[in-house]
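Trainee: can't give you the sequence, but here's the structure:
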């Protein structure tokens with residue numbers, strides 16, 4: 001999940017996917033490493049399209065956070081913790097919704 005940003009969401013998603021691909025290559029665990037493009041670049045293992053859902057209520061955001069956090073355990077994996085993730089502290093006063 002990405003909070004509102006000065007960049008549009010497609011740009012931010014592209015940056016995240018690019019960095020994830022670089023890290024997979026760096027660690028030597030890229031699942032498509034044996035299928036390079038003609039340019040030599042490794043294809044992205046990510047879905048070409050990104051899922052965009054705009055959340056405009058604290059309840060909706062908290063529900064989505066729970067969904068994301070619960071996915072690894074559903075697949076038998078450990079919960080994930082990342083230093084770059086900031087806990088949701090509620091919506092600021094003056095939050096503008098889309099409806």
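Mentor: Perfect, I can see it now. For clarity, every value in this text was computed on a predicted model and none was experimentally measured.
Trainee: So residue 38 versus residue 71, what's the distance?
Mentor: Distance, residue 38 to residue 71, using Cβ to Cβ, to the nearest Å: 35 Å. For every residue, glycine as well, the C-beta is placed using N, CA and C.
Trainee: Looking at these two, which is more packed in?
Mentor: The neighbour comparison of residue 38 against residue 71 (other Cβ atoms under 10 Å) goes to residue 71, with 12 against 5.
Trainee: Quick check, pLDDT for the more buried one.
Mentor: If you check residue 71, the pLDDT there is 92.
Trainee: Under a three-state scheme, what state does residue 17 occupy?
Mentor: Following DSSP: H, G, I helix; E, B strand; the rest coil, we place residue 17 in the helix state.
Trainee: Excluding chain neighbours, what is closest to it?
Mentor: Spatial nearest neighbour of residue 17, chain neighbours left out: residue 46 (4.6 Å); criterion: Cβ to Cβ, 6 or more residues apart in numbering.
Trainee: Might one say that the one you found is in contact with residue 20?
Mentor: Yes: Residue 46 lies in contact with residue 20 (Cβ atoms under 8 Å); the separation is 6.9 Å.
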